[in-house]
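J.: fold the following.
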Amino acid sequence: MAEKVVWMTVSRLYDTSSDTDGELKLLGVQTAEGESVKQVSAKVRKLLGLKNTGYVLQLRNDRRSLVPLNGKLHKNTRETPYSLDVLLEHQRVKPQARSVKADTYSSTIINQTQIFLSRISNLENSIPELKVKREEKIKREIRELEDKLNFLQKRFNEADQTEWTGIIKKSPLW
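T.: So this is what the prediction gives:
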């Protein structure tokens, strides 16, 4: 495998101290063609003196697109280096405040239910026949369900009364 040197400018975005602001370090990393991401990133971490966990390495090309940090990187020069951003894990994730709090959510649901019930009772009080219509509808639906249950009960009873005698009286035509 042919060894090649890949050049990159390193910007340590996790470091907020004032002495490293705007300072870019040029780094040359020797890579072979078949190396994996773990192998190349281990080399980079060793050259930068980083411990293995807690940091994320983001390699970008000249168009600022993310590029995988492996042995298939194209050879470049010192004048056209890749850009390597060294970040802490989850550094660019902005935490959001919780949108639903359990106590207020429960009380809101209870309040809304009470509001709906009071609106329904106000409507029923304003239109007296509405309550009667609702009761009739409920009775009609219960009656329909009872009819369906009676029908199903009859069919189950008919199915239970059938018995298998063990012989076929008429020969099948299959």
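J.: adjacent strands (with direction) for the helix or strand that residue 11 is a member of?
T.: If you go by DSSP states H and E, residue 11 is part of strand 3-12. Strand 3-12 has these partner strands in its sheet, going by DSSP bridges: strand 25-32 (antiparallel), strand 82-88 (parallel).
J.: single out the most deeply packed of those strands.
T.: Across the strands paired with strand 3-12, the average number of neighbours (mean count of other C-beta atoms under 10 Å) peaks for strand 82-88, which reaches a mean of 18. Where C-beta positions appear, they are placed from N, C-alpha and C, glycine not excepted.
J.: what's the average pLDDT for that strand?
T.: The predicted model assigns strand 82-88 a mean pLDDT of 88.
J.: so what touches that strand?
T.: By C-beta atoms under 8 Å, 6 or more residues apart in numbering, the residues outside strand 82-88 that reach it are 6-14, 27, 44, 48, 50, 54-62, 64, 67, 73, 76.
J.: filter these to the buried ones?
T.: By neighbour count, with 16 or more other C-beta atoms under 10 Å, these hold 6-8, 10-12, 27, 44, 48, 50, 55, 57, 59, 67, 73, 76 as buried.
J.: how is this protein divided into domains?
T.: Annotated domains of the chain cover 3-88, 102-160 [automatic domain parsing].
J.: most tightly packed of those domains?
T.: domain 3-88 (a mean of 14).
J.: centre of the chain to it, how far?
T.: Mean-position distance between domain 3-88 and its chain equals 30 Å (C-alpha atoms, centre = their mean, to the nearest Å).
J.: stretch 107-118 now?
T.: On the basis of C-alpha atoms, centre = their mean, stretch 107-118 sits 31 Å off its chain's mean C-alpha point.
J.: for stretch 94-114, same thing?
T.: The answer for stretch 94-114 is 22 Å, by C-alpha atoms, centre = their mean.
J.: would you mind writing the CA trace of it as PDB?
T.: Presented in PDB, the C-alpha positions along stretch 94-114 are these (Å, rounded to 0.1, in the frame of the first residue of the first chain):
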ATOM      1  CA  LYS A  94     -28.700  23.200  21.500                       C
ATOM      2  CA  PRO A  95     -30.700  21.900  24.500                       C
ATOM      3  CA  GLN A  96     -34.400  22.800  24.400                       C
ATOM      4  CA  ALA A  97     -36.600  23.500  27.300                       C
ATOM      5  CA  ARG A  98     -39.200  20.900  28.100                       C
ATOM      6  CA  SER A  99     -42.400  21.800  26.300                       C
ATOM      7  CA  VAL A 100     -44.700  19.600  28.500                       C
ATOM      8  CA  LYS A 101     -44.500  19.600  32.200                       C
ATOM      9  CA  ALA A 102     -46.400  16.800  33.900                       C
ATOM     10  CA  ASP A 103     -48.200  18.800  36.600                       C
ATOM     11  CA  THR A 104     -49.400  21.500  34.300                       C
ATOM     12  CA  TYR A 105     -50.300  19.000  31.600                       C
ATOM     13  CA  SER A 106     -52.600  17.000  33.900                       C
ATOM     14  CA  SER A 107     -54.300  20.100  35.300                       C
ATOM     15  CA  THR A 108     -54.800  21.400  31.800                       C
ATOM     16  CA  ILE A 109     -56.500  18.200  30.700                       C
ATOM     17  CA  ILE A 110     -58.700  18.200  33.800                       C
ATOM     18  CA  ASN A 111     -59.700  21.800  33.200                       C
ATOM     19  CA  GLN A 112     -60.500  21.200  29.600                       C
ATOM     20  CA  THR A 113     -62.700  18.200  30.500                       C
ATOM     21  CA  GLN A 114     -64.600  20.300  33.000                       C
END
